[in-house]
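Peer 1: Sharing a model prediction with you, sequence too.
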Amino acid sequence: MKGVIFDVDGVLTFQGRTIPGAVETINLLREKGIVLRFLTNSTLKSRLSCAFKLQKAGFCITKEEVITASYATAVYLRKIKPKSCWVLLEREGFNEFKDFNYNDENPEYVVVGDYRDGFNFTNMNKALKLLLKGAKLIGMSPELIDSSMGDYELNVGSWAKMLERASGVEAVYIGKPSSYMFELVLESMELRKGEVVMVGDKVSTDIVGAHNVGITTILVKTGEFTEKDLENEVTPDFICNSVADSVDILDAEGWFR
């Protein structure tokens, strides 16, 4: 084993607190020369702001090691080279799209991230009309609900699905569990799927996504984990109480040798 991908929210930190043993786990893996990546479906954060937040929490992490759903979407757009796009997104994540031709009147793509208060009738109706006129649709994340801060909120996928259903335009989804997200991470690590392990707290995104591309998975019982997650058709290869215990699994399987 040469690399480990960590989900961020629920694995390293949760609701503003660092998971016990998480910092030490990252430091230990670095000492062993393991290639690390930090994967999140957050669209509000840029790679830089996500790395900075983790650094403030005590983690030794660089921007280049972070893959956010907003960054992954920007990479996808650079590959397909759209003439223009309307990006529905707020905060630092919007900085990932500053090099694109912004057009909210006749865009080639409507790109849905976390628009917060921008998800109002006027903007959603405008997006619908643009899609009906021929614009294509991208959802930065397929997740419908976010409960990472202790309460339930509509997530990016809910708004994208609504536009998809109303317009009849099939959306391309970028974030976990999309295979694209994991393939992008593997490419950045310069490793093969058999050389990497994914550590996550959500079966529906972390475990399913990694499983679909052939990456070994470890599910941690922190963050948004619930016992009901284990009823999913896709099951993790390993389960442990927290990220601190994941090192024991890696060691027991001989993946440090």
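Peer 2: In hand now; what should we look at?

Peer 1: where do the strands sit along the stretch 151-257 of the chain?
Peer 2: Along the stretch 151-257 of the chain, the segments classed as strands by DSSP state E, counting those that start in this stretch run 153-154, 172-173, 196-200, 216-220, 238-240.

Peer 1: In contact with residue 175, which residues?
Peer 2: 41, 43, 69, 72-73, 139-143, 156, 181, 205 (C-beta atoms under 8 Å, 6 or more residues apart in numbering). No exception for glycine: its C-beta is placed from N, CA and C like everyone else's.

Peer 1: hang on, the earlier thing: how about the strands of the stretch 151-257 of the chain in JSON lines, adding distance to residue 247?
Peer 2: What follows is the strands of the stretch 151-257 of the chain, written out as JSON lines (distance: least, C-beta to C-beta, whole Å):
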{"stretch": "strand 153-154", "distance to residue 247": "33"}
{"stretch": "strand 172-173", "distance to residue 247": "32"}
{"stretch": "strand 196-200", "distance to residue 247": "10"}
{"stretch": "strand 216-220", "distance to residue 247": "10"}
{"stretch": "strand 238-240", "distance to residue 247": "9"}
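
Peer 1: okay, the ones you listed, which one's buried deepest?
Peer 2: Most buried of these, by mean neighbour count (mean count of other C-beta atoms under 10 Å): strand 196-200, with a mean of 27.

Peer 1: Centre of the chain to that strand, how far?
Peer 2: Centre-to-centre, strand 196-200 and its host chain are 13 Å apart (C-alpha atoms, centre = their mean, to the nearest Å).

Peer 1: Check stretch 46-64 too.
Peer 2: Chain-centre distance of stretch 46-64: 15 Å, with C-alpha atoms, centre = their mean.

Peer 1: Which helix or which strand is home to residue 27?
Peer 2: Counting by DSSP states H and E, the element that carries residue 27 is helix 22-31.

Peer 1: What's the mean pLDDT across that helix?
Peer 2: Helix 22-31 shows a mean pLDDT of 95.

Peer 1: Specify the stretch among the strands of the stretch 151-257 of the chain that is closest to residue 99.
Peer 2: If you check each of the strands of the stretch 151-257 of the chain against residue 99 by C-beta to C-beta, strand 172-173 wins as the nearest, at 19.7 Å.
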